[in-house]
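In: the following comprises the amino acid sequence and a computationally predicted model.
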Amino acid sequence: MSHVTDPNFWRGKRVLLTGHTGFKGSWAGLWLTTMGARVTGYALPPASDPSLHALLHADGLPDGQLGDIRDGEALATVTRKSEPEIILHMAAQPLVRESYATPAETFDVNVMGTIRLLEAARAVRSVKAILVVTTDKVYRNDESGRHFQESDTLGGHDPYSGSKAACEVVVATWRSAYFEERGIRVATARGGNVIGGGDFSADRLVPDIVRAALSGTRLNIRSPLATRPWQHVLDCLNGYFLFAEALYNGAGDVDALNFGPSPDEAQIAVSHVANAIQAAMGLEAEWDDVSSLKQPREMQTLGLDPALAGERLGWRAQFSQQQAIDWTARWYDGWRRGKAPLELTLDQIDAFTKGR
């Protein structure tokens, strides 16, 4: 059984959460708020319509401000006014295919945006811990199928991966140059491919399945044989929160951790996830393979070794990849049948924390 984040730790904590309008950010803001954290959000308006943030009507995030992570002055103002003790930096340009179309903007958001956040944090005396969320794609991927460890070489075949690897270097530099001497712990979290209810992003597998189901069109899959470290959003966020707790408490000297399914689990291909989600939603398992069409290169294999997170935090994925798929499909199916998104999301947070 994995450790679960402690509500008593978060109660009353002032938290700055960037990217609070995104898929993971919406889950994070709601969960933190239910634990009694005083959350201030900073992000662009939701990038999709519908969006989980809009479906929740921002009920779970009492203090959210819209703004661009590249606007250093606005970011500095909200950081100063919120006086955060903990900063969770999730704001990003998160899509591989979009990064091919807008590489300079991707680097500006992911690298310079992170620098502006760290600069804003330097000016605020209340900050005790900063966790910057990067990605499982920061590693130089030789397509060998091995599960990457935190000590492996960083790299990136596409602008998104490269920008996040560069972000890792930025965090390491600011940590050693500015934060260590003040006793402020700064680290990065490298999460696997996250799935869960309420993701409506473009160019992601599960949202594409849901859109096809709602519109009655056939699903197109770009890379049906590609494998990814699939995990439920609650498992991933639980890792982030446990890491932030440890950083705040000054525990350990680890500067980066992987969060993903156990390497002992068989790697699951995109096609299997598509079939399982469709089946769990009561749909025919139907899709078209469009891998022969010309498109930007995406890695075919990707795996993480999260053993260090287990050693340092007592964390491991509570869900198997199949359970993550089932919980995801259950959320969308409930929403499709008219259940309130806030109720669906709160119910799953509650069930997860109670180990049900």
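Out: Okay, I see it. Numbers count the residues shown, from 1 in each chain.
In: where in this protein is the helix or strand with the lowest mean pLDDT?
Out: strand 227-228 (a mean of 76; mean pLDDT, DSSP states H and E).
In: and the closest residue to Ala280 other than its chain neighbours, how many neighbours does it have?
Out: Excluding the flanking residues, the one nearest Ala280 by C-beta to C-beta, 6 or more residues apart in numbering is Ala329, at 3.3 Å. In short, each C-beta sits where N, CA and C put it, glycine included. For Ala329, the number of neighbouring residues by other C-beta atoms under 10 Å comes to 23.
In: check which residues of stretch 282-291 are buried.
Out: 283, 287 (16 or more other C-beta atoms under 10 Å).
In: how long is it from one end to the other?
Out: With C-alpha to C-alpha, to the nearest Å as the measure, stretch 282-291 spans 26 Å from end to end.
In: same question for stretch 221-230.
Out: 16 Å.
In: so how far is stretch 275-286 from its chain's centroid?
Out: Mean C-alpha position of stretch 275-286 versus that of the full chain (C-alpha atoms, centre = their mean, to the nearest Å) differs by 25 Å.
In: stretch 175-193 now?
Out: Distance, centroid of stretch 175-193 to centroid of chain: 17 Å (C-alpha atoms, centre = their mean).
In: about what we covered before: and whichever helix or strand comes after the least confident helix or strand of the chain, which strands flank it?
Out: Under the assignment DSSP states H and E, the closest C-terminal helix or strand after strand 227-228 is strand 230-232. Strand 230-232 has the following sheet partners, assigned by DSSP bridges: strand 193-195 (parallel).
In: packing partners of the helix or strand just after the strand it pairs with?
Out: Using DSSP H and E, the helix or strand that follows strand 193-195 towards the C-terminus is helix 205-215. For helix 205-215, the elements it packs on are strand 219-221, helix 270-280, helix 321-336, judged by 3 or more C-beta pairs under 8 Å, 6 or more residues apart in numbering; DSSP states H and E.
In: next, the buried residues of helix 205-215.
Out: 205-210, 212-213.
In: mind putting those residues in CSV, distance to Leu257 and pLDDT included?
Out: Formatted as CSV, the buried residues of helix 205-215 follow (distance: C-beta to C-beta, whole Å; pLDDT from 0 to 100):
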residue, distance to Leu257, pLDDT
Leu205, 25, 86
Val206, 24, 89
Pro207, 27, 88
Asp208, 29, 88
Ile209, 30, 86
Val210, 30, 86
Ala212, 35, 85
Ala213, 35, 81
